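Trainee: Sequence first, then the predicted structure:
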Amino acid sequence: MTTKHARPAAPPRPAAAAATPSSIASGWLHTARFLTSAPELHFLPEIEVPEIAFVGRSNSGKSTCINILTQQKQLAFASRKPGRTQHINLFSLGKQGVTDAVLADLPGYGYAAVPRQDKIRWQQVMANYLVTRKNLSAIVLLCDPRRGLTDLDDILLDLIRPRVEEGLKFLIVLTKADKLNRSESEKALSIAKLQAGGGDVMLFSAPKRKGIDEVSQLLWQWVHSSDAASAKPLVPEEASEESAAVSIPVSD
Ligand SMILES: Nc1nc2c(ncn2[C@@H]2O[C@H](COP(=O)(O)OP(=O)(O)O)[C@@H](O)[C@H]2O)c(=O)[nH]1
Ligand SMILES: [Mg+2]
C-alpha cells in the first residue's frame, strides 16, 4: 500500500511590514517631486496646502538635508559652489499624486563671493517670502553648529518672530553633528534651544544618518496633526505682498 505524502505546507508569507510613524513619515517625504522654480516671490504659484521652507546660510548642509529627508539624491542640488542656488524651488509632497504639502528650498545666504547687489536682491526676495507667503506654515533653519547662528540667521529670526508667535512652526536643524563630540553636541543643542524661542532643535548628520527620523516625523506631524488643519491663517491681516518692504543689512 502506498501512502500519499501530503504536500509540504507553503511557507508562511512574510507579514507586510507594519507601518510605523517613522516609515509613514519617510514614505511621505519620498514622494517629493519638483513643482516649480522661481527667481522672485511673485512668480511663485499661490498654493493652498501648507508650505515648509528650508532656509540657512550657504554651505550649512541644506541641500544635503533635503536630499536625505526625501531620499532623492539630486532633488535639491548639493552644490559644490555655494551661493549658486539662487531660486526658490518648490517640491510637492503627497501620496498617490495628491499634494498635501510643499517644501520650499530657499537660496542660501551669506556667501562672501556673491556680488553685493546679488546679496541685497536675494536677501530681499527671502525676506519678502518669509513675511508674506500666505501658505507658509513652517520653517526649518539649517545651521552648522561649529559656526552657530550668525548675524544673518539672527535677522531671519527677528523677521519671522511675529509669525512664529502666531503659530508658524519652527525647527533649527544643527547639521554636520558628526563633527562634534558629545559634550560639544549638548552645548550646541542648549544654546540653540535658547535661541529658538520655543521652536524645536535637532541634531542632524548626513554621514551618520543621525536625526533623519526625528526631523521626518516632525515634518509629517506639522502637516498632518489635526490642529494643523484648523490653524488660523498665519499672515497678519495688514500684511500684503505690496506692503512688505523688508530691508535687511548685507554685512555678512
Ligand atoms: N561632515 C558632514 N558634512 C556635511 C553634512 N551635510 C553636508 N555636508 C557637507 O557640507 C557641504 C555643504 O553642503 P550642502 O548640502 O551643499 O550645503 P548648502 O549650501 O547649505 O546647500 C558639502 O561639502 C557637504 O558634503 C553632514 O551632515 N556632515
Ligand atoms: Mg544648496
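Mentor: Received it, and whenever you're ready, just let me know what you need. Ligands and ions are numbered 1, 2, ... in the order given.
Trainee: Any idea what I172 is bridged to?
Mentor: Assessed by DSSP bridges, I172 has beta-bridge partners L141, V201.
Trainee: Hmm, C143 and it touching each other?
Mentor: Yes. I172 lies in contact with C143 (C-beta atoms under 8 Å); the separation is 5.9 Å. C-beta here means a position set from N, CA and C on the backbone, and glycine is covered the same way.
Trainee: tell me the strands in the stretch 1-150 of the chain, going along the chain?
Mentor: For the stretch 1-150 of the chain, applying DSSP state E, counting those that start in this stretch gives strands covering 33-38, 51-56, 88-93, 101-105, 136-143.
Trainee: before we move on, the earlier item: okay, and the common contacts of I172 and C143?
Mentor: Shared contacts of I172 and C143 (C-beta atoms under 8 Å, 6 or more residues apart in numbering): L149, A192.
Trainee: In TSV, list the strands of the stretch 1-150 of the chain along with distance to A206.
Mentor: As requested, the strands of the stretch 1-150 of the chain are exported to TSV (distance: least, C-beta to C-beta, whole Å):
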stretch	distance to A206
strand 33-38	21
strand 51-56	14
strand 88-93	18
strand 101-105	16
strand 136-143	11
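Trainee: Compile the ones you listed into a markdown table and extend it with columns for distance to Q221, mean neighbour count and mean pLDDT.
Mentor: Output for the strands of the stretch 1-150 of the chain, formatted as a markdown table (distance: least, C-beta to C-beta, whole Å; neighbours: other C-beta atoms under 10 Å; pLDDT from 0 to 100):
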| stretch | distance to Q221 | mean neighbour count | mean pLDDT |
| --- | --- | --- | --- |
| strand 33-38 | 22 | 15 | 90 |
| strand 51-56 | 12 | 23 | 96 |
| strand 88-93 | 14 | 22 | 93 |
| strand 101-105 | 12 | 24 | 96 |
| strand 136-143 | 10 | 25 | 97 |
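Trainee: so which of the ones you listed gets nearest K119?
Mentor: strand 51-56 (15.0 Å; C-beta to C-beta).
Trainee: ok, the closest one: who's next to it in the sheet?
Mentor: Using DSSP bridges, strand 51-56 pairs in its sheet with strand 101-105 (parallel), strand 136-143 (parallel).
Trainee: ok, now which ones touch L149?
Mentor: Residues near L149 by C-beta under 8 Å, 6+ apart: C143, L157, I172, A192, Q195.
Trainee: Distance to H42 added to those, as CSV?
Mentor: Formatted as CSV, the contacts of L149 follow (distance: C-beta to C-beta, whole Å):
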residue, distance to H42
C143, 29
L157, 25
I172, 29
A192, 33
Q195, 31
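Trainee: any idea which of the residues you listed is closest to ligand 2?
Mentor: Among the contacts of L149, C143 lies closest to ligand 2 (C-beta to the ion), at 14.0 Å.
Trainee: May I ask you to confirm that that closest one is in contact with T175?
Mentor: Yes. The criterion here is C-beta under 8 Å, and C143 meets it with T175 at 6.9 Å.
Trainee: Identify the contacts common to the two.
Mentor: Counting by C-beta under 8 Å, 6+ apart, the residues touching both C143 and T175 are S60.
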